[in-house]
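Visitor: My questions are about this predicted structure, shown below with the sequence.
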Amino acid sequence: MFKEIQLLTFDQQLDPSFGVDKFIHSQHNVPFEIRRIYWTYQTPPEVIRGHHAHKRLEQVLVAIHGNIVVHTEFPHGKKQSTTLHRSDVGLFIPTHCWHTLEFSADAVLMVMASQEYEADEYVRDYNVFLTGAF
């Protein structure tokens, strides 16, 4: 059974004299141990990124700045679009979820992943994804 896509809210501390701190803790705010963190920026708005699913990897996407529209789909057909625009909210992407991302010109995306990078972990063929046999 597939886990569901869900929005996660991160803890924050606001002190008007110092600013805002945000806190993310593995297995408290994020439902897995974080093994890798990376970020993407300066993506031209006309470029759609993603176009893949993961076999075992789970991730949380956070728009640190700007707007990012995340389109998700499961092999059984359930589709959803979510706009990320707050740095205290992340989108949990479970395994077996095809996703594409559209960035505003000023967007910065941070990704927390449950695994180190492995090329064979990605399902990049949409037709293979639709079969669910991966």
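Guide: Sure, I can see it. Numbers count the residues shown, from 1 in each chain.

Visitor: check contacts around the residue sitting nearest the centre point of the chain.
Guide: Relative to the mean C-alpha position of the chain, the nearest C-alpha, by C-alpha atoms, centre = their mean, is the one of L61, at 2.8 Å. If a contact means C-beta atoms under 8 Å, 6 or more residues apart in numbering, then L61 has 68, 70, 84, 90-91, 93, 101, 109-111 as its contacts. In this view, the C-beta of every residue, glycine as well, is placed from N, C-alpha and C.

Visitor: Tell me the predicted confidence for the residue lying farthest from the centre of the chain.
Guide: Summary for the chain: using C-alpha atoms, centre = their mean, the residue whose C-alpha lies farthest from the chain's mean C-alpha position is S17, with a distance of 31.7 Å. Per-residue pLDDT puts S17 at 84.

Visitor: please begin residue numbering at 80 from this point
Guide: From this message on, residue numbering opens at 80, which makes the last subject S96.

Visitor: Quick check: it vs S166, distance?
Guide: Here the criterion is C-beta to C-beta, to the nearest Å. By it, S96 lies 20 Å from S166.

Visitor: Let's have the contacts of L140 in TSV, adding neighbour count, pLDDT and distance to P124.
Guide: Putting the contacts of L140 into TSV (neighbours: other C-beta atoms under 10 Å; pLDDT from 0 to 100; distance: C-beta to C-beta, whole Å) gives the following:
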residue	neighbour count	pLDDT	distance to P124
I147	24	98	11
V149	21	98	15
L163	21	98	15
G169	24	96	22
L170	21	98	19
I172	25	98	21
L180	22	98	11
L188	21	98	13
M189	18	98	19
V190	16	98	19
